[in-house]
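>>> I would like to see how this sequence folds:
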Amino acid sequence: MASLLLSSIIGDPLTRTSIQPFYTVRHKLASQRGFECKPNHFVVVSKRRLSGLEEAMLINRAVEQGKVENPGKLRKRPRLRPGKVRPRLPVPDHIIRPPYVNSSSLPELANEPQIHDAEGIECMRASCELAARVLEHAGTLVKPSVTTDEIDKAVHKMIIDAGAYPSPLGYGGFPKSVCTSVNECLCHGIPDSRQLQHGDIINIDVTVYLNGYHGDTSRTFLCGDVDEEAKRLVKVTEECLYKAISVCKAGVGFKQIGKRINEHAAKYGYSVDRRFVGHGVGKIFHSEPVIFHFRNDKPGCMVAGQTFTIEPILVMRSTDCIVWRDNWTTVAADGSLAAQFEHSILITETGAEILTKC
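Okay, here's the model as predicted:
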């Protein structure tokens, strides 16, 4: 999952965002890495109408940076608003649950990396392949007028029909089976009654728990007629993921991942989010290693047989963000579009096997 929930764990403590239930994990990560973590419980964002000159300057800057091809008024995209969240869906009793399901507390990051023997690798392949198929199906549902709650229902059904458990459901109290993050939502969007609109982009983050192993993947989809600016952001974010995967193999330092992502994103003027990170995945949903997607000096090297996620989030402008009162949905404070892609990978002596491919 993008992060703490299904994909990214919170990574960078140097933030003005209020994420109350995540603070303990974030503070520990920060302390371990020599950062100072100062929790601020509220972010006040003020906005005012741009003058004609300011708007023209903003457009010119975007044109100069190659972010828009046709000058004109910047399209005003309505900000996301919370919709109605329906009760969590039931899971048949015979399906094995992960251990955190009966607790409302957010599990701590496991210290040990997940390195698998031959049997474990096959189990990882099975869970990741299922996650990839579920994500593929979810993507076919992305159309104007479809609600994110309908996507959640479809994902839930496909997962339990396969005898697996939807990993997000009940993780730290998360109420749904999938994360759906629309437009300026960086990650951890809770499916609700909001209908998708022409021009939206939506990240769908799927994690399944099959035979005791988690498979975790996400992708950003285009809904209807999407403008070139948004398409470019989505394309570059996906390219960042694959450039990062291309450097992975046994013996390579983890810091090379962030270096590759940062280099490519910077060419297009995009910001790389520093709060949410990749993580070890396997029998445990979130474990070491923490994978930073920005330039860093993280020690340590990849080991053959190890599995973890890479899941960069790119934002059109500022990465300052606000967390809604649901304590999960994280949105860009200035309304900037955000995109994310994620794969679970297996490290080998010669490279990396992408496990979450159909």
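>>> Assign Lys243 to helix, strand or coil.
helix (DSSP: H, G, I helix; E, B strand; the rest coil).
>>> and it, how far is that from Ala250?
Counting by CB to CB, to the nearest Å, the gap from Lys243 to Ala250 is 19 Å. All C-beta spots, glycine's among them, are computed from the backbone N, C-alpha and C.
>>> So what's the residue count around Ile121?
Here the number of neighbours of Ile121 (other CB atoms under 10 Å) works out to 19.
>>> ok, now how distant is Arg97 from Cys187?
From Arg97 to Cys187 the distance is 23 Å (CB to CB).
>>> The two: who's more crowded?
Cys187 (30 against 14).
>>> so the more buried one sits right up against Cys179, yeah?
Yes - applying CB atoms under 8 Å, one finds Cys187 in contact with Cys179, separated by 6.6 Å.
>>> Poorly predicted segments of the stretch 1-150 of the chain, please.
For the stretch 1-150 of the chain, the stretches with pLDDT under 70 are 1-75.
>>> Please enumerate the strands of it.
9-10 (DSSP state E, counting those that start in this stretch).
>>> before we move on, what about the stretch 151-300 of the chain?
For the stretch 151-300 of the chain, the strands defined by DSSP E, counting those that start in this stretch cover 165-166, 179-182, 185-187, 201-210, 213-222, 271-272, 276-280, 287-291.
>>> Tabulate the ones you listed in a markdown table, adding columns for mean pLDDT and distance to Asp320.
Output for the strands of the stretch 151-300 of the chain, formatted as a markdown table (pLDDT from 0 to 100; distance: least, CB to CB, whole Å):
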| stretch | mean pLDDT | distance to Asp320 |
| --- | --- | --- |
| strand 165-166 | 98 | 31 |
| strand 179-182 | 98 | 17 |
| strand 185-187 | 98 | 11 |
| strand 201-210 | 98 | 19 |
| strand 213-222 | 98 | 20 |
| strand 271-272 | 98 | 9 |
| strand 276-280 | 98 | 14 |
| strand 287-291 | 98 | 22 |
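>>> now these in a markdown table, with distance to Glu136?
A markdown table is the format used below for the strands of the stretch 151-300 of the chain (distance: least, CB to CB, whole Å):
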| stretch | distance to Glu136 |
| --- | --- |
| strand 165-166 | 16 |
| strand 179-182 | 15 |
| strand 185-187 | 20 |
| strand 201-210 | 9 |
| strand 213-222 | 9 |
| strand 271-272 | 26 |
| strand 276-280 | 21 |
| strand 287-291 | 24 |
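>>> just so I know, which of these lies nearest Glu150?
When those are compared by CB to CB, strand 179-182 sits nearest Glu150, at 10.1 Å.
>>> burial count for Phe174?
For Phe174, using other CB under 10 Å, the count is 25.
>>> Pull up the gap between the closest residue to it other than its chain neighbours and Tyr242, please.
Closest residue to Phe174 apart from its sequence neighbours, by CB to CB, 6 or more residues apart in numbering: Pro168 at 5.1 Å. For Pro168, the distance to Tyr242 equals 25 Å [CB to CB].
>>> So the two - more neighbours on which side?
Per other CB under 10 Å, whichever of Pro168 and Tyr242 has more neighbours is Pro168, with 29 against 14.
>>> The more buried one and Thr207 touch, don't they?
Yes - in this structure, Pro168 is within contact of Thr207 by CB under 8 Å, at 6.0 Å.
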